[in-house]
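Trainee: task: produce atomic coordinates for the following.
(4 chains)
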There are 4 protein chains.
Amino acid sequence: MIGARGGVAVTTLVGLAALRRGLIGTEGLTTSLSPFADLSMPTFASMVASGHEIRRLSLFAEAQRLAREFRVPHPEVVEACRDELEEIDRRIRPGTALGVGARIAALAAPDVPADPSPRAAIDRVQADLAAFVAAEGLEHLIVVNVASTEPTDTPEGVPATWPELKPRLEQAGAGFLPASTLYAIAALEAGHSYINFTPSLGSAPEAVDDLARRQATRHMGCDGKTGETLLKSVLAPMFARRHLPVMSWVGHNIFGNLDGKVLDDPANKQAKVRSKDHLLGTILGYRPQTHVSIEYIESLGDWKTAWDHVHFRGFLGVPMTLQFTWQGCDSVLAAPLVLDLVRLTEAARRRGCIGRMPFLASFFKSPYGVSEQAFDRQFEMLLRWVAGATQQDGSSVSRCRPC
Amino acid sequence: MIGARGGVAVTTLVGLAALRRGLIGTEGLTTSLSPFADLSMPTFASMVASGHEIRRLSLFAEAQRLAREFRVPHPEVVEACRDELEEIDRRIRPGTALGVGARIAALAAPDVPADPSPRAAIDRVQADLAAFVAAEGLEHLIVVNVASTEPTDTPEGVPATWPELKPRLEQAGAGFLPASTLYAIAALEAGHSYINFTPSLGSAPEAVDDLARRQATRHMGCDGKTGETLLKSVLAPMFARRHLPVMSWVGHNIFGNLDGKVLDDPANKQAKVRSKDHLLGTILGYRPQTHVSIEYIESLGDWKTAWDHVHFRGFLGVPMTLQFTWQGCDSVLAAPLVLDLVRLTEAARRRGCIGRMPFLASFFKSPYGVSEQAFDRQFEMLLRWVAGATQQDGSSVSRCRPC
Amino acid sequence: MIGARGGVAVTTLVGLAALRRGLIGTEGLTTSLSPFADLSMPTFASMVASGHEIRRLSLFAEAQRLAREFRVPHPEVVEACRDELEEIDRRIRPGTALGVGARIAALAAPDVPADPSPRAAIDRVQADLAAFVAAEGLEHLIVVNVASTEPTDTPEGVPATWPELKPRLEQAGAGFLPASTLYAIAALEAGHSYINFTPSLGSAPEAVDDLARRQATRHMGCDGKTGETLLKSVLAPMFARRHLPVMSWVGHNIFGNLDGKVLDDPANKQAKVRSKDHLLGTILGYRPQTHVSIEYIESLGDWKTAWDHVHFRGFLGVPMTLQFTWQGCDSVLAAPLVLDLVRLTEAARRRGCIGRMPFLASFFKSPYGVSEQAFDRQFEMLLRWVAGATQQDGSSVSRCRPC
Amino acid sequence: MIGARGGVAVTTLVGLAALRRGLIGTEGLTTSLSPFADLSMPTFASMVASGHEIRRLSLFAEAQRLAREFRVPHPEVVEACRDELEEIDRRIRPGTALGVGARIAALAAPDVPADPSPRAAIDRVQADLAAFVAAEGLEHLIVVNVASTEPTDTPEGVPATWPELKPRLEQAGAGFLPASTLYAIAALEAGHSYINFTPSLGSAPEAVDDLARRQATRHMGCDGKTGETLLKSVLAPMFARRHLPVMSWVGHNIFGNLDGKVLDDPANKQAKVRSKDHLLGTILGYRPQTHVSIEYIESLGDWKTAWDHVHFRGFLGVPMTLQFTWQGCDSVLAAPLVLDLVRLTEAARRRGCIGRMPFLASFFKSPYGVSEQAFDRQFEMLLRWVAGATQQDGSSVSRCRPC
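Mentor: As a prediction, the model looks like this:
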């Protein structure tokens, strides 16, 4: 995990440890639903966690803090998982702060190495990953980015193929590619899988996808679809199918976790807002006026509240309104998706999938290479893939290639 | 139209007249979306309206009242359609009040005939329908029930086949079958199509479906899915697919039109509440605690406001909440669905469909013979049917038979 | 406390114990605000608690259950107060189930005595109170009713004076007066103070007030104004002062604690709904259409959610809307009011107040003998009383008499 | 009226004309409530309207546009008032664009004179006002600013007394004082009254108040308290009185009228947000985290929707939530306050009030010279003033002086 002591990572790791111990149920895990019963996926017991992080904190103490401040996870669950959290904590390595932007860089501990070039950062991360695989005897490694949102747009001058990009990594300056992309390159070049759960650049560049295909590995992103945007991708198709033109869609999001603090910087916020906003036009087929705001309200902690106001026209041109309020715990919504993505990515590896994994679109706000944004159709894509993957005949591997 | 001077009928008729005159756009009409462009359907210009009604009112005056009290339709539109509304009004015949319950019967004008038996009511209605068809030279007639909700449950002792039911209609008392079912029998026996847009019994009994199939005609129902329940059928699949167990789902509906006044009678309300409530269990696969209330609040008129509160559990068992408020004009939401259903039923006739029309499930809260309650899957059924119907080869008719 | 192991009592007692230990702040306590700084009131340390209860439960276990199921009070606070809760628990005596209605009577433990007459119940309670006062060496005792809502209306045939009522208590049947009134009589006859925090009859009858005045003691009620009704009494004056006529006010309350289960019985619910509803007409000066519903939704536990929809007219007759959603923990809202009322009642005793205490109106949905329902004016009454009570000259006692 | 063809002015003028014709009731008018029945105020029939405006539009056409786009006022009412609106329109004079900021200046018609200095603008306005008074034979003139919000803060270097300020007006540049203040000076110097219904600077500077007192006239402001902020000033006292500490208060306002378009400029928005935000700290006695956003959403037109989320702590430190949604028509909320303020200002003149009028505080978000921000206490100030003003003895005038 990149950002291994952040809220999403901590909640995911506590949850995984609790699942292993039978302390909690499988709520929130799509992969525990019946259509996934016959899919060849890793069990919770077989998974081993580690990660990179630029802050110097204790994983267990962070879990305790979440329990105390946000009332989740339950303190008894955290206590019961203490040993495992401390064990994972010892494995976590210092991350890279190259290209993360000022707001995030300010959080870095002094012992985070000042990588002299992108290549140097990649090499260092790859060495950490290799050591982890060797120490634990892992069959396969999946790198998941759950770090805070970087400020960057797609940088200019990034070539479209891996052979062109590769030499640039030696000489380029710190701002050439953001950390999320360096981790993606580190993972994919070494044959690991990569998942970008954030709106950061990650493996979005063509050249990184090219790398994945050349190495016969796989990746997907970006930005986990957990709350307000999930609802948009569920509700907007209704307006389209009932031919109720949306005149405006306003979303106001308030919350107070570290993610919110980072998004308080307009540069970081911009990437997030764009990721939350674009799908309406795609689903509706026209662009209504939209407004998305995200504000850091400390007292809410990890409990994100989103208010959405949809103004639409019906028959006879009559204006009508739908409002909703969503009150969810951000990390708790995200964590099971991370576990689902890890399990499904390993299932895809076993099935021979290479490159982007479009069947995972329903998990992302901005799925790489997928234009379908309606949640129901994205979910049907997933079910069809699972149905294909669980067929007995040997032809499934070849059918998977379009992934 | 049954209930031809009620809010839904008036809005539908004003809308149809306005569409013919190009005064309004096609908002709200599913059949005007692009996937329906090649479907053989009647044009708005080719449709002729009439109906039955137990109240003595003026259609035009009712339209003016809606415009004044509820601010829709627009007064200028009503004025521009005056001639057509008055022409339709002259065609409307007195309905039957057999089995409609005390609350509705109290609305009946003195000139509504006291039909001595179900058969007598059916004969009278059939004579009216035949006269209408003859006078207007109609190719096909589709009877749509948009009258107020009847109090009745499925009456006991109704046989399962038409040959058994038919003789019972001669001797049975007034309470044997409600008016909605008598209209259905009248229509189907004469080879017309029948649509039940209300939660009343209509063509639900097996024997009535048997009649439709024997007469090689078609029918569907029941209860137009216009607002809060539409949202339930859109949102509940999201909770199911994300494995977020719903603990409770509370819906509170307030509005003040005639429909609301009729539903103020607990007997009538019960049928409606059941129709709004049952689909959650079907979609979710378990039965959360649900509560649906409907209250008559006069000041709201036709503007129904629904507040829904969904309490669900996420990962780690954490309880979270989704609330929504839906503010829509009830008749304006219903009217385009009535037009869509009429056009699609005629398309089905042209294609040779007989019996129930499951591909229309997305339009109904309780679609006859369809267990799928998720809106998106119901809509895909419709799209597949349209795609099949618009294929060029002659085999489409035979493929249609399962309808 | 009557209902001493119910949610409100448990939360009050945990809170009092926590205040004594400095474990919590004074949030929610009006009497800890600066205008009350100079008022002669009992300290938290000087207060001793006991009560009556018809259920056989452990106070500490109940507090643990609240902490576990409703997430409040905090488990560590409950644990820290264990000794004190167990000590109070040992003092609690079996209550009376006379006239509480079938729903509540079904909760009674087998050891609750079957009091043969109202007088017998009163005598038994008075003996318990006297024993408590003697054992703890109390200066004054204040009985607070926080038991579940009784189904009863003002019973017929209750005389208007204490001398007429008193002999009736010997012979009357079980249904003559509800338990809440028997406790009130028991307390007031013995010179104790009495507070009715519920909508039950309590000390409402004229004859009971007559008793209080004859015994030179004091009482007040009824029905603590904690949430939705508090908001009504805050918002309705705004509509009145701005001359914005309210056309309708709809309130929908959902929650799942024991109170909710008892209110699921229509008889019990009626008393509550009336208490929540009547004040609008008083504040506005006319009666808009109102609707109050209360539904038991188990998953919500003590977390009551109220949705209110206010439909009003503005200038030019334009209809507008205010909606609010209130999400509060019922017992946590009630408990500090109980402590405030106890402290202010003792302050009133020190000041010589006799009979009803109208200056406490702001704490109640239906304040005895007070027609003012606007919260701000009720609060000003309280501030004026406090200002009078804290004046130095000896005349304050006499000025207090109108209380 | 300054901004005499803007939404608030048009709605006020249509309303006044309709009141005169008995076409509408007095909803929204505080001064039509019973406590004001004996106050010496101008009748609607005795009031004559005119104004300044920088845009070239037709008052009647604007009223028609509001009726068409925002559904208020009612088209028939507008039609019935056509003559009066056209008559007023002929009286309206070109305003000044000095210091209004780029966003507003861009709206100015070409015939708006380019006033060479503040003094020149003042002289021109005073000549217009004098001509109006003479032509209509007015007893007294009250200038009300209902123009769009100016971007300015209190400019630096404005002296504290009128004798110091006066000479500066000759030489100062265009940006020295905003138009709202120049109108205030023009009015007050000539002995007229002045009301600032907007958050613009207006008569806020000490030197302008000094001028009013020297001329024995009166003024008040600023920023009409119509919707969301009204609710804040009603609800915040409840949290204070119940000792429920507010942790955060978030308000999100969306609407699409001209005011909204002007506020889309961050400079103009800043003044508004500050005016909406500051009162919470004053009422609560501490500063919770607050966030106010205002977004221009075109489809909403004049129908402002505000969503507020209040996060507060109760007993035992438990966090709870109040949310509200306010859906009101902005101009319709403002217009009756404008009429009330005009009538009360004339009543104050008759009573001899000089300088600021603190008893009008309840009408303003930021009342000049008044620290009390709780709506109920502000309203009591108004009632006490009215009670004093309607006493028969001659001493009332002297008691009025503190105004």
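
Trainee: who's in contact with the closest residue to residue A:289 other than its chain neighbours?
Mentor: Spatially, and ignoring its direct neighbours in sequence, residue A:289 is nearest to residue A:248 (4.3 Å; CB to CB, 6 or more residues apart in numbering or on different chains). Placement of C-beta: from N, CA and C, glycine included. Counting by CB atoms under 8 Å, 6 or more residues apart in numbering or on different chains, residue A:248 touches A:288-291, A:309-311, D:254, D:297-300.

Trainee: what about the closest residue to chain C within chain A, how many residues nearby?
Mentor: Relative to chain C, the nearest point of chain A is residue A:71 (6.2 Å; CB to the nearest CB). As a burial measure, residue A:71 scores 18 neighbours (other CB atoms under 10 Å in any protein chain shown).

Trainee: what is the helix or strand where residue A:382 lies packed up against?
Mentor: Applying DSSP states H and E as the criterion places residue A:382 in helix A:375-389. Using 3 or more CB pairs under 8 Å, 6 or more residues apart in numbering or on different chains; DSSP states H and E, the elements in contact with helix A:375-389 are helix A:228-241, helix A:396-400, helix B:228-241, helix B:375-389.

Trainee: give me the buried positions along the last one.
Mentor: In this case it means helix B:375-389. Buried residues in helix B:375-389, counted by 16 or more other CB atoms under 10 Å in any protein chain shown: B:375-382, B:385-386, B:389.

Trainee: tell me, what's the model's pLDDT at the residue most central in space within chain A?
Mentor: The centre of chain A sits closest to residue A:197, judged by CA atoms, centre = their mean, with a distance of 0.9 Å. Residue A:197 is assigned 97 on the pLDDT scale.

Trainee: next: residue A:107.
Mentor: The model reports residue A:107 with a pLDDT of 88.

Trainee: name the SS class of the closest residue to it other than its chain neighbours, please.
Mentor: Of all residues not flanking residue A:107 in the chain, residue A:55 sits nearest, at 5.4 Å (CB to CB, 6+ apart). Using DSSP: H, G, I helix; E, B strand; the rest coil, the structure places residue A:55 in coil.

Trainee: residues in contact with residue A:55?
Mentor: A:5, A:107-109.

Trainee: recalculate using a threshold of 10 Å.
Mentor: Each residue near residue A:55 by CB atoms under 10 Å, 6 or more residues apart in numbering or on different chains is listed here: A:3-6, A:62, A:94-95, A:104, A:107-109, A:112, A:258.

Trainee: residue ranges with poor pLDDT in the stretch 301-403 of chain A?
Mentor: Where the stretch 301-403 of chain A drops to pLDDT under 70, the residues are A:390-403.

Trainee: could you pull out the strands for the stretch 151-300 of chain A?
Mentor: A:193-196, A:218-221, A:246-255, A:289-296 (DSSP state E, counting those that start in this stretch).

Trainee: same list (these) but as TSV, adding distance to residue C:171.
Mentor: Rendered in TSV, the data for the strands of the stretch 151-300 of chain A read as follows (distance: least, CB to CB, whole Å):
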stretch	distance to residue C:171
strand A:193-196	80
strand A:218-221	82
strand A:246-255	64
strand A:289-296	68
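
Trainee: where do the strands sit along the stretch 301-403 of chain A?
Mentor: Using DSSP E, counting those that start in this stretch, strands in the stretch 301-403 of chain A cover A:303-313, A:319-329, A:355-356.

Trainee: and those strands as CSV, adding distance to chain D?
Mentor: Putting the strands of the stretch 301-403 of chain A into CSV (distance: least, CB to the nearest CB, whole Å) gives the following:
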stretch, distance to chain D
strand A:303-313, 5
strand A:319-329, 6
strand A:355-356, 36
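
Trainee: what residues does the stretch 151-300 of chain A have near chain B?
Mentor: By CB under 10 Å from any CB of the partner chain, the residues of the stretch 151-300 of chain A that approach chain B are A:225-227, A:230-231, A:233-235, A:237-245, A:285.

Trainee: try 7 Å this time
Mentor: Applying CB under 7 Å from any CB of the partner chain, we find that the stretch 151-300 of chain A lies next to chain B at A:230, A:234-235, A:237-238, A:241-245.

Trainee: briefly note if the top helix by length along chain A comes near chain C.
Mentor: Longest helix of chain A, by residue count under DSSP state H: helix A:330-351. No: using CB under 7 Å from any CB, helix A:330-351 never reaches chain C; the gap is at least 14.3 Å.

Trainee: would that helix count as contacting chain B?
Mentor: Yes: counting by CB under 7 Å from any CB, chain B is contacted by helix A:330-351 at A:332-333, A:335-336.

Trainee: closest one of these to residue A:321?
Mentor: When the residues of helix A:330-351 next to chain B are compared for distance to residue A:321 (CB to CB), residue A:333 wins out at 25.8 Å.

Trainee: now for that closest one: which residues touch it?
Mentor: A:226-227, B:314 (CB atoms under 7 Å, 6 or more residues apart in numbering or on different chains).

Trainee: quick check, nearest of the residues you listed to chain D?
Mentor: Nearest to chain D among those is residue A:227, at 15.4 Å by CB to the nearest CB.

Trainee: which residues are in contact with the closest one?
Mentor: A:304, A:306, A:326, A:328, A:333.

Trainee: just send the residues you listed back as CSV, with distance to residue A:29 too.
Mentor: Compiled in CSV, those are given as follows (distance: CB to CB, whole Å):
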residue, distance to residue A:29
A:304, 20
A:306, 23
A:326, 20
A:328, 16
A:333, 12
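
Trainee: and those residues, which is closest to chain B?
Mentor: Nearest to chain B out of those is residue A:328 (CB to the nearest CB; 4.4 Å).

Trainee: grab the nearest non-local neighbour of that closest one.
Mentor: Of all residues not flanking residue A:328 in the chain, residue B:320 sits nearest, at 4.4 Å (CB to CB, 6+ apart).

Trainee: give me the number of residues near that neighbour?
Mentor: Neighbours of residue B:320 using other CB under 10 Å come to 21.

Trainee: so who does it touch?
Mentor: Residues near residue B:320 by CB under 7 Å, 6+ apart: A:327-329, B:312, B:314.

Trainee: so which of those residues wins on neighbours?
Mentor: Counting neighbours by other CB under 10 Å, the top entry in these is residue A:329, with 29 neighbours.

Trainee: just grab the bridge partners of it for me.
Mentor: Beta-bridge partners for residue A:329, by DSSP bridges, are residue A:303.

Trainee: my guess is it meets residue A:303, correct?
Mentor: Yes: using CB atoms under 7 Å, residue A:329 is in contact with residue A:303, at 5.6 Å.

Trainee: which neighbours do the two have in common?
Mentor: With CB under 7 Å, 6+ apart, residue A:329 and residue A:303 have common neighbours residue A:70.

Trainee: and chain A, which residues reach chain C?
Mentor: Within chain A, the positions adjacent to chain C are residue A:71 by CB under 7 Å from any CB.

Trainee: can you do 10 Å?
Mentor: With CB under 10 Å from any CB as the criterion, chain A meets chain C at residues A:68, A:71-72, A:74-76, A:323, A:325, A:327.

Trainee: which one of those has the most neighbours?
Mentor: Highest neighbour count within the residues of chain A next to chain C, by other CB under 10 Å: residue A:72, with 25 neighbours.

Trainee: contacts only, for residue A:197.
Mentor: Counting by CB under 10 Å, 6+ apart, residue A:197 touches A:1-3, A:8-9, A:12, A:144-147, A:220-224, A:226, A:334, A:337-338, A:341, A:363-364.

Trainee: since that was my last question, I'll sign off now.
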